[in-house]
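S.K.: need a structure here:
(one chain, ligands or ions: 1)
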Amino acid sequence: MIRREDILAAPFFRQQALIGGLWSDSETGATFPVTDPATGEVIAQVADCSPGDAERAIEAANAAWPDWKNRTAKDRADVLRRWFDLVKENRPLLAGLMSLEQGKPLREAEAEVDYGAGYIEWFAEEARRTDGAVIPAHAADLRLLVLRQPVGVVAAITPWNFPIAMITRKVAPALAAGCTVVVKPASLTPLCALALGHLAALAGIPEGVLSIIPSRSSSAIGKVLTQSPLVRKVSFTGSTEIGRLLLAQSAGTIKKVSMELGGNAPVLVFDDADIDKAIAGTLAAKFRNAGQTCVCANRIYVQSGIYDAFAERLAVAVRQLSVGPALEDAFDQGPLIDGKAVEKVEELVADAVSIGGRVLTGGKRHSRGQTFYEPTVIADATQAMKIAREEVFGPVAPLFRFDTEDEAVAMANDTEFGLASYMFSRDLGRIFRVAERIEAGMVGINTGLISTEVAPFGGVKQSGLGREGSRVGIDDYTELKYLCLDVS
Ligand code: SIN
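M.R.: All right, here's what the predicted structure looks like:
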């Protein structure tokens with residue numbers, strides 16, 4: 001068990017902002033509280049950065065850029081590698097910090113530290129592979145070359161549900177490419193971001209190359225980051241609503257953008273599925289981080305032939321999930337992030353029940369406390385329910401019934417979102433047919449866990465723009481420059 005006092009005494013437990021290589025208070029001296037979602041207890045008072053602080057961080061990033069981009073790729077790779085090693089060395093306490101500020105069970109927090117570190121390691125390797133090209137020319141006395149160069153200062157705006165991995169997924173490729181970065185972490189989870197900043201500085205990431213500016217004034221900071229002409233790229237993970245706003249604000253200075261936005265992931269379970277795999281995969285896809293991920297199963301469509309058996313077995317498995325404070329024991333599910341999140345889940349469940357949804361297990365707040373919600377399964381869900389359209393972001397699994405493959409695909413695609421999707425079937429022909437027709441950036445087939453640094457993560461439709469991770473994840477942080485040389 002990780003002790004709370006050891007986490008709070010860790011050298012990476014920082015409450016000031018990291019701006020231009022200096023740990024500093026906000027220019028206004030303001031701070032804001034960070035709380036443990038399990039108890040509401042305040043665990044830190046963090047610098048509440050102002051728009052002026054954001055400007056300073058951007059200027060520092062711009063000043064640091066020429067030196068950083070002119071280093072060799074190997075130099076940048078070595079620094080990133082040291083950062084990776086330090087994150088791994090600090091895994092137990094970093095995971096503890098994440099459990100404390102975000103509420104994720106310790107086992108999941110450890111997995112996220114590994115996942116987040118994986119992006120640093122991967123992009124340390126990719127730093128040396130930003131090759132350009134030599135193109136056969138259209139005239140005998142010309143030579144055509146293409147360089148890949150860093151875009152410049154990047155603003156990364158990151159969410160609370162993955163307080164480490166969503167930062168490294170953006171910062172590691174940006175630094176590898178030769179960009180400098182200003183991170184605005186979610187105000188609910190700034191401590192992991194500041195811990196990453198501490199370890200980055202120890203690893204030798206130079207002053208100004210990475211700044212971390214916590215703030216409660218997200219919209220004011222977002223405006224500065226998206227409107228500054230010095231910032232050349234904005235990378236955001238969060239809701240479609242905020243993504244739309246940031247896109248509009250970025251239009252004024254024509255920035256490059258990456259947007260990883262909301263999801264409404266369908267799971268299609270066909271009659272021919274391996275039911276054990278389908279139950280295990282659905283549990284994994286639905287209850288990871290208490291249902292608070294953009295790729296969490298939101299709508300579970302089950303074919304009529306196995307609907308009743310699947311519903312019964314899923315309810316039995318869900319009833320066995322243990323619920324409690326993340327740090328206390330090896331629980332399966334922690335609290336939701338705050339009271340508002342619980343209210344939203346309550347509203348969706350009440351709506352579903354009011355028009356025919358049948359609660360098989362759960363369906364109310366958990367006796368553990370105000371931010372805990374019971375792992376829930378609802379049968380007889382229909383497309384008319386709000387739960388079919390809105391991202392639940394909580395531990396509720398609604399089960400819909402379908403008869404034919406066409407019907408399943410039509411229901412799955414009946415949403416403006418298109419991030420993750422899942423299907424369970426043993427028919428190879430069906431697997432290809434359905435996977436090709438599903439409107440989503442990612443399809444998990446006979447598995448509920450798809451996230452990894454080595455594969456392209458991202459969505460279609462209103463779930464976003466761009467891909468993160470994998471070989472292509474560094475592309476969005478580079479610009480192509482074409483050289484046309486007359487050799488005559
Ligand atoms: C997210 O919820 O935004 C990310 C989930 C993941 O990386 O698996």
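S.K.: host element of the residue nearest the centre of the chain?
M.R.: With the centre of the chain defined as its mean C-alpha position, the nearest residue by Cα atoms, centre = their mean is Met166, 4.4 Å away. Applying DSSP states H and E as the criterion places Met166 in helix 165-177.
S.K.: can I get the CA coordinates of that helix in PDB?
M.R.: What follows is helix 165-177 as a C-alpha-only set of coordinates in PDB (Å, rounded to 0.1, in the frame of the first residue of the first chain):
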ATOM      1  CA  ALA A 165      -0.700   9.800 -20.400                       C
ATOM      2  CA  MET A 166      -2.600  12.600 -22.200                       C
ATOM      3  CA  ILE A 167       0.300  14.900 -21.400                       C
ATOM      4  CA  THR A 168       3.100  12.600 -22.600                       C
ATOM      5  CA  ARG A 169       1.100  11.700 -25.700                       C
ATOM      6  CA  LYS A 170       1.400  15.300 -26.800                       C
ATOM      7  CA  VAL A 171       4.600  16.500 -25.200                       C
ATOM      8  CA  ALA A 172       6.800  13.600 -26.200                       C
ATOM      9  CA  PRO A 173       6.200  13.800 -30.000                       C
ATOM     10  CA  ALA A 174       6.400  17.600 -29.800                       C
ATOM     11  CA  LEU A 175       9.800  17.600 -28.000                       C
ATOM     12  CA  ALA A 176      11.100  14.800 -30.200                       C
ATOM     13  CA  ALA A 177      10.300  16.800 -33.300                       C
END
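S.K.: What is the subsequent helix or strand relative to it?
M.R.: Past helix 165-177, the next helix or strand by DSSP H and E is strand 180-184.
S.K.: Residues touching that next one, excluding its own?
M.R.: Strand 180-184 is contacted by residues 54, 57-58, 61-62, 64-65, 68, 152-158, 167, 170-171, 174-175, 193, 197, 208-215, 218, 221-222, 225, 231 when judged by Cβ atoms under 8 Å, 6 or more residues apart in numbering. For the C-beta atoms, the positions are set from N, CA and C on the backbone; glycine is no exception.
S.K.: Just to be sure, which of those are found in helices?
M.R.: Secondary structure of the contacts of strand 180-184 is defined by DSSP state H; positions in helices are 54, 57-58, 61-62, 64-65, 68, 167, 170-171, 174-175, 193, 197, 218, 221-222, 225.
S.K.: Narrow those to just the buried residues.
M.R.: 54, 57-58, 61-62, 64-65, 68, 167, 170-171, 174-175, 193, 197, 221-222, 225 (16 or more other Cβ atoms under 10 Å).
S.K.: Of these, which fall within the contact range of the ligand?
M.R.: Residues of those in contact with the ligand (Cβ under 6 Å from any ligand atom): none.
S.K.: Tell me which residue in the stretch 351-488 of the chain sits closest to the ligand.
M.R.: Ser451 (3.2 Å; Cβ to the nearest ligand atom).
S.K.: so who does Glu416 touch?
M.R.: Counted by Cβ under 8 Å, 6+ apart, Glu416 has contacts Thr240, Lys461, Gln462.
S.K.: Tell me how far it lies from Phe270.
M.R.: 25 Å (Cβ to Cβ, to the nearest Å).
S.K.: quick one: the helices in the stretch 301-450 of the chain?
M.R.: For the stretch 301-450 of the chain, the helices defined by DSSP state H, counting those that start in this stretch cover 304-319, 339-354, 405-412, 428-437.
S.K.: Of the ones you listed, which is nearest Glu468?
M.R.: Closest approach to Glu468 among the helices of the stretch 301-450 of the chain is made by helix 428-437 (20.8 Å; Cβ to Cβ).
S.K.: Which secondary structure elements does the closest one sit against?
M.R.: Packing partners of helix 428-437 (3 or more Cβ pairs under 8 Å, 6 or more residues apart in numbering; DSSP states H and E): helix 405-412, strand 420-424, strand 442-445.
S.K.: CA atoms of it as PDB?
M.R.: Provided in PDB are the C-alpha atoms of helix 428-437 (Å, rounded to 0.1, in the frame of the first residue of the first chain):
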ATOM      1  CA  LEU A 428     -14.100 -13.600 -39.900                       C
ATOM      2  CA  GLY A 429     -16.200 -12.300 -42.900                       C
ATOM      3  CA  ARG A 430     -18.500 -10.500 -40.500                       C
ATOM      4  CA  ILE A 431     -15.500  -9.000 -38.600                       C
ATOM      5  CA  PHE A 432     -14.200  -7.400 -41.800                       C
ATOM      6  CA  ARG A 433     -17.600  -6.300 -43.100                       C
ATOM      7  CA  VAL A 434     -18.600  -4.600 -39.800                       C
ATOM      8  CA  ALA A 435     -15.200  -3.200 -39.000                       C
ATOM      9  CA  GLU A 436     -15.100  -1.500 -42.400                       C
ATOM     10  CA  ARG A 437     -18.600  -0.100 -42.100                       C
END
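S.K.: coming back round to it: packing partners for the helix holding Met166?
M.R.: Going by 3+ Cβ pairs under 8 Å, 6+ apart, helix 165-177 lies up against helix 73-89, helix 106-126, strand 142-150, strand 153-157, strand 180-184, helix 190-203, strand 231-237.
S.K.: Now render the ones you listed as a markdown table, adding mean pLDDT.
M.R.: Listed next are those as a markdown table, based on pLDDT from 0 to 100:
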| stretch | mean pLDDT |
| --- | --- |
| helix 73-89 | 98 |
| helix 106-126 | 97 |
| strand 142-150 | 98 |
| strand 153-157 | 98 |
| strand 180-184 | 98 |
| helix 190-203 | 98 |
| strand 231-237 | 98 |
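S.K.: Ok, which of these comes nearest Ser24?
M.R.: helix 190-203 (11.8 Å).
S.K.: tell me what the closest one is packed against?
M.R.: Against helix 190-203 (3+ Cβ pairs under 8 Å, 6+ apart) you get strand 17-19, strand 42-47, helix 73-89, helix 91-102, helix 165-177, strand 210-212.
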